[in-house]
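In: Fold the following for me, if possible:
(one chain, ligands or ions: 1)
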Amino acid sequence: MAATAPFAKMNGAGNEIIVADMRGRADRVTAAAAIALNADQATRFDQIMAIHDARTPGTGWFIDILNSDGSGAQACGNGTRCVVQALGAETGLKTFTLETVAGILNAVEHDDGLISVDMGRPRFGWQDIPLAEEFRDTRMIELQIGPIDAPVLHSPSVVSMGNPHAIFWVDGDVWSYDLDRFGPLLENHPIFPERANITIAEVTSRDSMVIRTWERGAGLTKACGSAACAAAVAAARTGRTDRRVALTVPGGQLQVEWRADDHVVLTGPAEWEFSGRFDPASGAWQRDAESAA
Ligand SMILES: N[C@@H](CCC[C@H](N)C(=O)O)C(=O)O
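Out: Take a look at the predicted model:
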């Protein structure tokens, strides 16, 4: 067994996150470890955020992101807030520069405990999402599910926030849609060669929305930060809302601002639950004595 690493079980607006401290070591959290941790009810999670030593001058840490099916992800807004809260508690810092495979992210912890993450610029080109075929206008693409003459969900907006998102607009209650049935079909639809995160969104005013998300590699979640960003950007881009939006997600509230400089800033909470140590190769784990249930 490799040397164990510390971890904290946290959540970001209900998005279940494991923050793993992999600093000072060369190994990575394996897909097998992720699958094993997710199979245990006590450590069930949506994403692992593995903190590694910095790779690039000017950044403090490199973050490797794994979904609960063991696949990698390029962005995780809620998980990034959890990383910031964990690092802030350790270092006393309030501002952070982190790197992921998708690029460099800046974040700040506010005095009220909320955390803002600059999620970078959205991308709209069909190759950027990516889509399997050319769509010149990604504000609305041809894709539908359900009976051909009465589709249940159709014509999503698609956006890359570093990771692929499809936003289906609905008029009624987002809870009246069978997202656990349609989610996997849409996530794995051939139009998305790298799969996609699937969100249904109801716009409730110029500055508010309700969303639910089926996450690529993780399934139904209580919150998905990059989906909140994608939905807010797509809503503003299609004229449905202004550029600053409050989003109600099943696990709480998130705020998104698509700034004039094209950067998208996600703000929300992060919460510590318990900590322990785990084996990054197998996922075998033990709770710390002081946070024993
Ligand atoms: N929960 C995340 C997004 C996680 C990554 C996603 N499942 C993917 O594979 O792209 C968030 O808060 O952004």
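
In: quick one: contacts of the top helix by length along the chain?
Out: Ranked by residue count under DSSP state H, the longest helix found in the chain is helix 77-91. Contact partners of helix 77-91, identified using Cβ atoms under 8 Å, 6 or more residues apart in numbering, comprise 8, 10-13, 15, 17, 19, 47, 49, 51, 60-61, 63, 65, 93-94, 96, 98, 105, 107, 109, 115, 117, 119, 161, 223-226, 228-229, 266, 268-270, 272. Placement of C-beta: from N, CA and C, glycine included.

In: Write out the residues of the chain neighbouring the ligand.
Out: Within the chain, the residues that sit near the ligand (Cβ under 6 Å from any ligand atom) are 15, 46-47, 67, 73, 75-79, 163, 197, 215-218, 224-226.

In: Okay, and which of the contacts of helix 77-91 map to strands?
Out: 8, 10-12, 15, 17, 19, 47, 49, 51, 61, 63, 65, 96, 98, 105, 107, 109, 115, 117, 266, 268, 272 (DSSP state E).

In: Run through the stretch 51-200 of the chain and note the low-pLDDT ranges.
Out: For the stretch 51-200 of the chain, no stretch has pLDDT under 70.

In: Generate a PyMOL selection restricted to the buried subset of the ones in strands among the contacts of helix 77-91.
Out: In PyMOL, this line selects whichever of the ones in strands among the contacts of helix 77-91 come out buried by 16 or more other Cβ atoms under 10 Å:
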select buried, resi 8+10+11+12+15+17+19+47+49+51+61+63+65+96+98+105+107+109+115+117+266+268
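
In: need the contact list for the closest residue to His52 other than its chain neighbours.
Out: Nearest non-adjacent residue to His52, counting by Cβ to Cβ, 6 or more residues apart in numbering: Phe62, 4.4 Å away. Residues near Phe62 by Cβ under 8 Å, 6+ apart: 51-56, 98-100.

In: Distance check, Phe62 against Arg28.
Out: 11 Å (Cβ to Cβ, to the nearest Å).

In: same deal with Ile115?
Out: In terms of Cβ to Cβ, Ile115 sits 25 Å off from Arg28.

In: what does Ser160 give?
Out: Taking Cβ to Cβ as the criterion, Ser160 is separated from Arg28 by 24 Å.

In: In terms of neighbours, single out the busier of those two.
Out: Applying other Cβ atoms under 10 Å to Ser160 and Arg28 shows that Ser160 carries more neighbours, namely 26 against 16.

In: residues contacting the more buried one?
Out: 122-124, 128-130.

In: can you map out the strands along the stretch 101-250 of the chain?
Out: Using DSSP state E, counting those that start in this stretch, the strands of the stretch 101-250 of the chain run over 103-109, 115-118, 144-145, 153-154, 157-160, 164-169, 197-205, 208-215, 219-221, 244-249.

In: C-alpha coordinates for the last one, CSV please?
Out: When you say that, I think you mean strand 244-249. The C-alpha trace of strand 244-249 is given here as CSV (Å, rounded to 0.1, in the frame of the first residue of the first chain):
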residue,chain,number,x,y,z
ARG,A,244,-25.6,38.8,-13.1
VAL,A,245,-27.8,35.9,-12.0
ALA,A,246,-28.8,34.2,-8.7
LEU,A,247,-29.3,30.5,-9.3
THR,A,248,-31.3,28.1,-7.1
VAL,A,249,-29.9,24.6,-7.3
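
In: Could you list the paired strands of the next helix or strand after that strand along with their orientation?
Out: Counting by DSSP states H and E, the element after strand 244-249 in chain order, helix or strand, is strand 252-258. Applying DSSP bridges, strand 252-258 is found paired with strand 244-249 (antiparallel), strand 264-268 (antiparallel).

In: Which residues belonging to the longest one are considered buried?
Out: The one in question is strand 244-249. Buried residues in strand 244-249 (16+ other Cβ under 10 Å): 245-249.

In: Show me the contact partners of it.
Out: Contact with strand 244-249 is made by 13-14, 207-213, 222-224, 228, 231-232, 235-236, 253-258, as judged by Cβ under 8 Å, 6+ apart.

In: What subset of the residues you listed is buried?
Out: So, by 16+ other Cβ under 10 Å, the buried ones in these are 13-14, 209-213, 222-224, 228, 231-232, 235-236, 253-258.

In: Need the distance between the two termini of stretch 66-76.
Out: Using Cα to Cα, to the nearest Å, the end-to-end distance of stretch 66-76 comes out at 10 Å.

In: Need phi/psi at the one residue sitting closest to the centre of the chain.
Out: By Cα atoms, centre = their mean, the mean C-alpha position of the chain lies nearest to Cys76, the distance being 3.4 Å. In terms of degrees, to the nearest 10, the main-chain angles of Cys76 are phi -160, psi 100.
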